[in-house]
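Colleague: Next come a sequence and a model predicted from it.
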Amino acid sequence: MPLTPSLSQHRTPCGAGTSTSRHQKAAWASVALWILIWAGYNTGPWVVARPGFPASKLEFFQGIRAFFPQLAGWLALLWLLLQQKVKSWTLEGPLGLMLLFSLVGVVSSLLFSPYEFQSAYWGLAFASTALVAIVILSNERPVEAASALLTLSEFIAVFMMAGIIVGMPLLGGSSVLPGDPLALHSVTSGYATAGFLGMAGTRNTGFARYAAVAGLAALGRIWRGKPFYRLLWLGVLVVAGYCLFAAQGRSEILGFAAGSFIILMLRRSRRAILVVWGVMLTALMALGHVFDQLWDYGTRTGHFDPSLSGRTVLWQQGWVLFKHSPWIGLGFQADRYFPPHQQISNTLMHALVQTGLLGTLAFMIAMILAIVLMVKLYVTSQTTRSAIFRDEVPGLLAFFIVLSITESTAFFSASWLLLAPVLAYIQVLAWQQKALRAKMSYARRFPHLAGPGPALRAREAAEGH
């Protein structure tokens, strides 16, 4: 999806070309900042903390790359400070609340963490992601900018999925695919591939997360666009489904199922397909005794585990850790720096441990607000039939909500990098619809003052111009 509309579609007055060129440069600069954040993924401050750093050119590169997210955040903050007036709505939605969550965590990191530098590093990386997303929404055409960011994020998920399958073995890593792709493999405690190029290898759940996001993006696109692109996205969906099976990430599979159901149900034309396909598939699976195999696959041991991760003990330990600093937490990655010295695989408990009640309240309000805004946009909004609404957005939001039960999205990770564009898209559409309703209300109250200008602007707002 282009960052800016074709200039031929609009008549521009003298001097508008300069403004459009400036807008294009700003759009590309904001995209570059987002890529800069991703360029700092899968490394960290521990690289520069090693004795004798840098021991090699590769280690030097990995150490410098670790600070790319903070650099992107610093540049985004400078850009916001240089603006004459920051758009208030960019700070008032889910992204602003996520920024508050991260700032609380940075403060608690500096006050209570035994590793102040590392803990503050992760908090600033999380905050940088929110800052760059806010800068992208501050574009002159925020709806287009948010849509472009979402498209970029989906392409990154597809690229990461394909790269892990094809590229990682070529770079010296091990394959994530099972030896026999037709056999039902059971992973009792997950797996992680060997490290390569100075980076940690991927875990099965990380691979499944990319596959799920790529699959949901494909599912939302196969009903739109030219036949060639629809066929291409169908291929992505098939590959993503296979990768989900191969990775055996139970939470990711459950989240993908929930997201797919919502995507299909939101369009009336697809509900019949969903019902017919669901009934037929259920009957075939029952006749083939597939449900028995799925039970063994999902439970690993044959016993039901509501956590889907076997980490309820970690949740209990996290609750004990939370009580040491209930108001602002113990800083980012506190679960790694304090007992149990493992990641607490639950977003709510992880947020409580890191940022206490204050930060967790901001995080939870951000997610609840995103859900409320999404419901308004897709159920009660006057523009539910607008072409700018991306079908995959509610599915992706549902995926991350399900995922947050057994994994954490409350720290700098691929989950947060993939979730932030979804929140940005929801936030900008909610603002757009609020502005559109205000303009239409004004036009109804003062029809003699409205004229064709406000009506045209309202229509353009609905179309995303």
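Modeller: Alright, I've got the coordinates.
Colleague: hmm, who's touching whichever strand or helix holds Leu314?
Modeller: Secondary structure assignment for Leu314, by DSSP states H and E: helix 312-322. Identification of contacts with helix 312-322 by Cβ atoms under 8 Å, 6 or more residues apart in numbering yields 307, 329-330, 334-335, 338-340, 342, 344-346, 349-350, 352-353, 356. Any C-beta I mention is one placed from the backbone N, CA and C, and that applies to glycine too.
Colleague: Over to stretch 69-89?
Modeller: Applying Cβ under 8 Å, 6+ apart, the contact partners of stretch 69-89 are 33-34, 36-37, 40, 121, 124-125, 127-129, 131-132, 134-135, 137-138, 412, 427, 431.
Colleague: Buried ones only from the residues you listed, please, as a PyMOL command.
Modeller: Those of the contacts of stretch 69-89 that count as buried under 16 or more other Cβ atoms under 10 Å are selected in PyMOL with:
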select buried, resi 33+34+36+37+40+121+124+125+127+128+129+131+132+134+135+137+138+412+427+431
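Colleague: which among the contacts of helix 312-322 end up buried?
Modeller: Neighbour counting with 16+ other Cβ under 10 Å marks 329-330, 334-335, 338, 340, 344-346, 349-350, 352-353, 356 as buried within these.
Colleague: In helices only, show me the residues you listed.
Modeller: Under the assignment DSSP state H, those contribute 334-335, 349-350, 352-353, 356 to helices.
Colleague: Under the pLDDT cut-off, which ranges of the stretch 51-200 of the chain? List them.
Modeller: Residue ranges of the stretch 51-200 of the chain with pLDDT under 70: 167-196, 198.
Colleague: buried stuff in the longest helix along the chain?
Modeller: Of all segments of type helix in the chain, defined using DSSP H, the longest is helix 414-445. By neighbour count on 16+ other Cβ under 10 Å, the buried set for helix 414-445 is 414-433, 436, 439-440, 443.
Colleague: again, but for stretch 224-236
Modeller: 233, 236.
Colleague: Quick one: mean pLDDT for that stretch?
Modeller: Averaged across stretch 224-236, pLDDT comes to 88.
Colleague: roughly how far out does that stretch sit from the chain middle?
Modeller: Offset of stretch 224-236 from its chain centre (Cα atoms, centre = their mean, to the nearest Å): 23 Å.
Colleague: returning to that earlier point: for the buried ones among the contacts of helix 312-322, which two are the farthest from each other?
Modeller: Maximum pairwise distance among the buried ones among the contacts of helix 312-322 (Cβ to Cβ): 19.3 Å, between Ser345 and Gly356.
Colleague: Would you indicate which residues of stretch 206-224 are buried?
Modeller: Quick answer for stretch 206-224 (16+ other Cβ under 10 Å): 206-222.
Colleague: One more: stretch 49-60?
Modeller: Buried residues in stretch 49-60, counted by 16+ other Cβ under 10 Å: Glu59.
Colleague: Identify the residues contacting that stretch?
Modeller: 47, 63, 118, 197-198.
Colleague: which of those residues are the two that sit furthest away from each other?
Modeller: Pairwise distances across the contacts of stretch 49-60 (Cβ to Cβ) peak at 22.0 Å, for the pair Gln118 and Leu197.
Colleague: Comparing the two, which shows the higher neighbour count?
Modeller: Per other Cβ atoms under 10 Å, whichever of Gln118 and Leu197 has more neighbours is Gln118, with 20 against 12.
Colleague: so what's the more buried one up against?
Modeller: Contacts of Gln118 by Cβ under 8 Å, 6+ apart are 44-46, 49, 333, 337.
Colleague: Neighbour-wise, give me the winner out of the residues you listed.
Modeller: Result: Gln333 is most packed of those (other Cβ under 10 Å), 24 neighbours.
Colleague: Assess the claim that that one and Trp122 are in contact.
Modeller: Yes - contact criterion Cβ atoms under 8 Å: Gln333 and Trp122 qualify, at 5.3 Å.
Colleague: Which secondary structure element is home to Phe389?
Modeller: Counting by DSSP H and E, Phe389 is part of no helix or strand.
Colleague: What does the pLDDT read for it?
Modeller: 76.
Colleague: Quickly find the element holding the nearest residue to Asp391 once chain neighbours are set aside.
Modeller: The spatial neighbour of Asp391 that comes closest, neighbours along the chain excluded (Cβ to Cβ, 6 or more residues apart in numbering), is Gly220 at 3.7 Å. In this structure, Gly220 sits in helix 204-221 according to DSSP H and E.
Colleague: what's the following helix or strand past that helix in contact with?
Modeller: As assigned by DSSP H and E, the chain's next helix or strand after helix 204-221 is helix 227-247. Applying Cβ under 8 Å, 6+ apart, the contact partners of helix 227-247 are 158, 161-162, 165, 176-178, 181, 204-205, 207-208, 210-212, 214-215, 217-219, 221-225, 252-253, 256.
Colleague: Mind listing what's buried along stretch 363-375?
Modeller: Neighbour counts over stretch 363-375 (16+ other Cβ under 10 Å) mark 363-364, 366-367, 369-370, 373-374 as buried.
Colleague: Please apply the same query to stretch 232-248.
Modeller: 233, 236-237, 239-241, 243-248.
Colleague: hang on, the earlier thing: what's the angle between the helix holding Gly220 and helix 414-445?
Modeller: 30 degrees (axes from the mean of the first three to the mean of the last three Cα atoms, to 10 degrees).
Colleague: Output the contacting helices and strands for helix 204-221.
Modeller: Contact here means 3 or more Cβ pairs under 8 Å, 6 or more residues apart in numbering; DSSP states H and E; on that basis helix 204-221 packs against helix 142-162, helix 227-247, helix 250-265, helix 392-406, helix 414-445.
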